[in-house]
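**Student:** how would this look folded up:
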Amino acid sequence: MSRPYRVMTVCTGNICRSPMAEVVLRQRLADAGLGDVVEVDSTGVSDEEHGNPVDPRARAVLRRHGYPTGDGHRARQVRAAELAERDLVLPMTAAHARALRRLAGGDPALTDRIRMLRTFDPAAPADPGQPEHVLDVDDPWYGPDSGFETTLAEIEAAADGIVAHVRAALDARAG
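**Tutor:** From the prediction side, this is the model:
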């Protein structure tokens with residue numbers, strides 16, 4: 001068997017948005033029969049939450065929607081070497097995408113793997129030339145608990161498109 005297809009979701013501290021996306025994508029890929037050939041993980045661009053578990057509010061919203069709650073997750077900061085080890089890197093915001101591109105050192109082989117998560121949402125704004133930040137996944141950290149519902153909805157809206165993208169990439173890899 002060839003190596004697994006590897007997906008990484010990225011937010012700021014790796015305690016809410018990116019682990020939520022990791023959980024949702026892992027579930028959707030498993031449901032699509034791809035769970036044994038695709039690996040999903042998550043990181044943050046910052047180390048401020050290093051070692052911390054998934055935010056309790058994120059865990060609660062995942063639980064309410066029938067997902068695993070990220071037990072065992074510990075926040076970690078993305079490293080440059082990881083970009084070369086991933087086939088698809090999904091930043092939550094334009095600021096995260098810029099940080100990842102800087103980390104990639106401008107290498108097109110790496111920067112081409114970086115795609116805003118919401119570019120896979122067919123209902124997301126998709127006007128040519130629009131600023132990248134219009135595709136930001138809302139940061140629920142500083143707001144009410146309902147913000148975590150919004151974040152989950154934005155992630156779920158992109159998930160099927162990501163699964164289709166991964167399936168197509170795997171098919172192309174197979175030849």
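**Student:** List the contacts of the closest residue to D47 other than its chain neighbours.
**Tutor:** Leaving aside its chain neighbours, D47 sits nearest to Q77 (4.1 Å; criterion: Cβ to Cβ, 6 or more residues apart in numbering). Just so you know, the C-beta spots here come from the backbone N, C-alpha and C atoms, and that holds for glycine as well. Listed by Cβ atoms under 8 Å, 6 or more residues apart in numbering, the contact set of Q77 reads N14, T43, G44, V45, S46, D47, H50.
**Student:** and if you look at V54?
**Tutor:** Contacts of V54 by Cβ under 8 Å, 6+ apart are I15, C16, P19, M20, L62, T69, G70, H73.
**Student:** Quick check: phi and psi at the last one.
**Tutor:** As for H73, its main-chain torsions (degrees, to the nearest 10) stand at phi -70, psi 140.
**Student:** Please list all residues in contact with it.
**Tutor:** Residues near H73 by Cβ under 8 Å, 6+ apart: P19, E22, S42, P53, V54.
**Student:** averaged over its residues, what pLDDT does stretch 164-175 have?
**Tutor:** Mean pLDDT, computed over stretch 164-175, is 94.
**Student:** tell me the least confident of the contacts of V54?
**Tutor:** Least confident entry in those, by pLDDT: G70, with 88.
**Student:** Tell me which helix or strand that residue sits in.
**Tutor:** Here G70, judged by DSSP states H and E, is contained in no helix and no strand.
**Student:** Kindly provide the distance from it to Q77.
**Tutor:** Separation of G70 from Q77 (Cβ to Cβ, to the nearest Å) stands at 17 Å.
**Student:** Most neighbours among the contacts of Q77, please name it.
**Tutor:** Across those, neighbour numbers were computed from other Cβ atoms under 10 Å; N14 holds the maximum, 29 neighbours.
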